[in-house]
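Enquirer: Would you be able to build a 3D model of this:
(chains A and B)
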There are 2 protein chains.
Amino acid sequence: MTGASAGPDGGAAPVIALDAMGGDHGPAEAVRGAVAAVRAHGLRVVLVGRRAELIPILDELDALGEVPVAHAEDTLAMNEGALASWRRPRSSVAVACKLIRQGDASALVSAGSTGGVVATSTVRLRTQPGVLRAALAVTLPTGDRPTILLDAGANADAKPEMLVQFAHLGAAYAHTAYGVASPRVGMLTIGAEPGKGNRLARKTSELLTATAEDAPGLDFRGNVEGHDLLAGDVDVVVTDGFTGNVALKSVEGAVRFAFDQMRGALTSSRMAKAGALLQRKALRELRDRLDSESYGGAVLLGLNGTVVIAHGASRARGIERACLLASDLAGGRIVDQIRRRVGTAHRSTWLSRLSQHDD
Amino acid sequence: MTGASAGPDGGAAPVIALDAMGGDHGPAEAVRGAVAAVRAHGLRVVLVGRRAELIPILDELDALGEVPVAHAEDTLAMNEGALASWRRPRSSVAVACKLIRQGDASALVSAGSTGGVVATSTVRLRTQPGVLRAALAVTLPTGDRPTILLDAGANADAKPEMLVQFAHLGAAYAHTAYGVASPRVGMLTIGAEPGKGNRLARKTSELLTATAEDAPGLDFRGNVEGHDLLAGDVDVVVTDGFTGNVALKSVEGAVRFAFDQMRGALTSSRMAKAGALLQRKALRELRDRLDSESYGGAVLLGLNGTVVIAHGASRARGIERACLLASDLAGGRIVDQIRRRVGTAHRSTWLSRLSQHDD
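Expert: Residues are numbered from 1 along each chain as shown, chains lettered A, B, ... in the order given. Here you go, the predicted model:
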């Protein structure tokens, strides 16, 4: 990610509407993150939230003239789900969506509750033409090359046609955020051979094999399994939101468990403790690298606007990274890319069906 | 696990039919594992496989009189799936099942391909009366108290009624193998609140809440998420075979990944390397503890006989542990326990539906 201050066509950098009220740590971290994004990377950020709370924080950072504020009197609580968010048209997330609809911003960044942000932005930004469902994409902490997992939880019940589109959404993400020319796509299932999995996975695999032949920039590599998620063999892993959410949280929980166990083992004897002291720096660096804040957050793909959902526990640094990611995606015109990819895929599926009838 | 030489009612120890041909490392490891199980724990084991290959190995270990051999001329290949196993009635797994059907053995242990062993034993042992589907149960490498995950892959497409039964199968396992009097059961889904998840999870949760009120020895604790799998908060985690397999492999892959990254970090500088030397023992012990061989393998629950599937890469120690687990389960009469539990659950569901009609 580069986070340039000008768009790829030389135009002005996209405007990021930052929900300053979401997140576990209150507006102070959001404002600090915004100021860092503006000062260090030349991003254009609008803070959305209660003006009376935000102005003093900006003042304290001596940044009153640098970051504008759009007032929103209401907020989504961290425990608020999909339903409650409908009833709050004046929440900071809803107001940020309004800025995007009016053309005053290109992207929304929020550290609010995932359920609330997904519901509010889906209702208020709507899915792009041709896109069946928006999908939540996360970047897994793989070694060298990032792997994008989607859907990570937006659609608990999905259909094969949706998953085929998710492949295109993920490919557009890999291309825009990480510069992967022809993203390799795998489908998460059980067993490496074709035909393995549940009904949804088997049907999706068939469709992906058929459409990938004609779709430009989509390299379908077949099945991947749970233990391949961190192997870095593909750029995009496609699955439904239920399986994706379980897999993501299983990985996060297992990495945390392994670290905790390791720390226990490394401090279990005096000899080991002495060793741990010598390694403190190496372990800290590793933990930083695996830290979810480094990746900027989850992205809701397929809406008429870029939506980045930072981790609820994000500090200023996490907010700053999320703003950078949002700026890269919006600056790279991911919405246009998705329109082209999904449009092409529709046409090529339609054409290949026609030609099958000719046989 | 104790692995006593006498059953709980003072009868003879159950006979374990060990597929000596399955596994990545050939019959030598299986035979060594069997001999260790017999000599160290007083287990009763029958080796099933090609007599001409097994006798020389037994001879070499000076164990000809200790472990009997049942001849089977055919074997399942490690890459053989469900279909091929049907066509091999003389495979070592099929012959072991025959011993169980005839009453000459109580349990099957195999390190063969999971797909092949599940298919063969399901066809040849059949599900117990009242049990809709057999489920594959694995023990997760949690900290203090083991957590059983099922279904780990036997049923890619499942129905809510099957998952409710899986709760009873898992509870019987936790009770028999680990002595948990009233196992705490969680259902794997996305989100902690009731009503979260896909259609299958939501319906299963409703049914489990209704049946657990009347079912003895089943303590339904509601939803658990991916990051709870290793937390040890429940004794049994219920899910469908697709989600369970993805979750299990995600956990295994992530733990391995974290170890590899850690090893990289610990040997990245001279200081860190010196530290790693001091900690070698602590790390080795931890790896041993998380090693899947320690847990004896996956168990296929719900058939007319105990089936333990050891890891394909099992060495003698893994085979020995699998035989111990099989002996504990068969000696604890897990098949009878499941019959009682499933029967009671059926009655109580039926009764609670009747009483609802009365309202």
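Enquirer: and stretch A:307-326, is it in reach of chain B?
Expert: No. Counting by Cβ under 8 Å from any Cβ of the partner chain, chain B is not contacted by stretch A:307-326; separation bottoms out at 13.2 Å. Quick note: C-beta positions are derived from backbone N, CA and C, even for glycine.
Enquirer: let me redo that: stretch A:223-237
Expert: Yes. Against chain B, stretch A:223-237 shows contacts by Cβ under 8 Å from any Cβ at A:225-231.
Enquirer: How far does that stretch stretch from one end to the other?
Expert: End-to-end span of stretch A:223-237 (Cα to Cα, to the nearest Å): 9 Å.
Enquirer: Can you mark which positions in it are buried?
Expert: A:223-231, A:234-237 (16 or more other Cβ atoms under 10 Å in any protein chain shown).
Enquirer: Please produce TSV containing these, extended by secondary structure.
Expert: Output for the buried residues of stretch A:223-237, formatted as TSV (DSSP: H, G, I helix; E, B strand; the rest coil):
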residue	secondary structure
A:N223	strand
A:V224	strand
A:E225	coil
A:G226	helix
A:H227	helix
A:D228	helix
A:L229	coil
A:L230	coil
A:A231	coil
A:V234	coil
A:D235	coil
A:V236	strand
A:V237	strand
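Enquirer: pLDDT added to these, as a markdown table?
Expert: Shown next, in a markdown table, are these (pLDDT from 0 to 100):
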| residue | pLDDT |
| --- | --- |
| A:N223 | 95 |
| A:V224 | 96 |
| A:E225 | 95 |
| A:G226 | 94 |
| A:H227 | 91 |
| A:D228 | 93 |
| A:L229 | 93 |
| A:L230 | 91 |
| A:A231 | 91 |
| A:V234 | 96 |
| A:D235 | 96 |
| A:V236 | 97 |
| A:V237 | 98 |
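Enquirer: Among the residues of stretch A:223-237 next to chain B, which pair sits farthest apart?
Expert: With Cβ to Cβ as the measure, no two of the residues of stretch A:223-237 next to chain B lie farther apart than A:E225 and A:L230, at 11.5 Å.
Enquirer: Backbone dihedrals for A:V118, both of them.
Expert: phi -60, psi -50 (degrees, to the nearest 10).
Enquirer: on that earlier part again, give the single residue among the buried residues of stretch A:223-237 positioned nearest to B:V138.
Expert: A:G226 (12.6 Å).
Enquirer: which ones are touching the nearest residue to the closest one once chain neighbours are set aside?
Expert: Spatial nearest neighbour of A:G226, chain neighbours left out: B:K249 (2.8 Å); criterion: Cβ to Cβ, 6 or more residues apart in numbering or on different chains. By Cβ atoms under 8 Å, 6 or more residues apart in numbering or on different chains, the contact list for B:K249 reads A:190, A:225-227.
Enquirer: Quick check: A:T176 is in a helix.
Expert: Yes. Looking at A:T176 with three-state DSSP, it is inside a helix.
Enquirer: Surely it is in contact with A:A326?
Expert: No. A:T176 is beyond contact range of A:A326, at 11.2 Å (criterion: Cβ atoms under 8 Å).
Enquirer: what about those two, which has more around it?
Expert: A count of neighbours by other Cβ atoms under 10 Å in any protein chain shown puts A:A326 above the other of A:T176 and A:A326, at 32 against 24.
Enquirer: Which of the three states applies to the more buried one?
Expert: Going by three-state DSSP: A:A326 is helix.
Enquirer: Would you confirm that it contacts A:V308?
Expert: Yes. The criterion here is Cβ under 8 Å, and A:A326 meets it with A:V308 at 4.4 Å.
Enquirer: Strands of chain A, start to end?
Expert: Along chain A, counting by DSSP state E, strands occupy A:15-19, A:44-49, A:69-71, A:107-110, A:135-140, A:147-150, A:184-188, A:219-224, A:236-238, A:298-301, A:306-309.
Enquirer: Comparing the ones you listed, which stretch has the densest surroundings?
Expert: Across those, averaging neighbours per residue (mean count of other Cβ atoms under 10 Å in any protein chain shown) puts strand A:107-110 on top, at a mean of 32.
Enquirer: I'd like to check what contacts it. Which residues are they?
Expert: Applying Cβ under 8 Å, 6+ apart, the set of residues contacting strand A:107-110 is A:14-19, A:22-23, A:92-93, A:96-97, A:100, A:117, A:121, A:297, A:305-310, A:319, A:322-323, A:326-327, A:329-330.
Enquirer: mind listing what that strand pairs with, with the direction of each?
Expert: Applying DSSP bridges, strand A:107-110 is found paired with strand A:15-19 (parallel), strand A:306-309 (parallel).
Enquirer: Using TSV, lay out those strands together with distance to B:N245.
Expert: Formatted as TSV, those follow (distance: least, Cβ to Cβ, whole Å):
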stretch	distance to B:N245
strand A:15-19	37
strand A:306-309	28
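Enquirer: Switch those over to TSV; also include mean pLDDT.
Expert: Formatted as TSV, these follow (pLDDT from 0 to 100):
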stretch	mean pLDDT
strand A:15-19	98
strand A:306-309	97
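Enquirer: quick one: which of those is nearest A:I55?
Expert: For the strands paired with strand A:107-110, proximity to A:I55 was assessed by Cβ to Cβ; strand A:15-19 is nearest, at 14.9 Å.
Enquirer: how about the helices in the stretch 201-350 of chain A?
Expert: Applying DSSP state H, counting those that start in this stretch to the stretch 201-350 of chain A gives helices spanning A:241-266, A:270-290, A:316-331, A:334-358.
Enquirer: Can you give me the buried ones in the first one?
Expert: Neighbour-count burial for helix A:241-266, counted by 16+ other Cβ under 10 Å, picks out A:241-259, A:261-262, A:265-266.
Enquirer: Taking helix B:241-266 as reference, get the angle to that helix.
Expert: Interaxial angle, helix A:241-266 versus helix B:241-266 (axes from the mean of the first three to the mean of the last three Cα atoms, to 10 degrees): 40 degrees.
Enquirer: and helix A:241-266 with strand B:184-188, angle?
Expert: 130 degrees.
Enquirer: Please apply the same query to the shortest one.
Expert: Orientation check (the same axes, to 10 degrees): helix A:316-331 against strand B:184-188 gives 30 degrees.
Enquirer: Packing partners of helix A:316-331?
Expert: With contacts taken as 3 or more Cβ pairs under 8 Å, 6 or more residues apart in numbering or on different chains; DSSP states H and E, helix A:316-331 sits against strand A:15-19, helix A:27-41, strand A:107-110, helix A:160-178, strand A:306-309.
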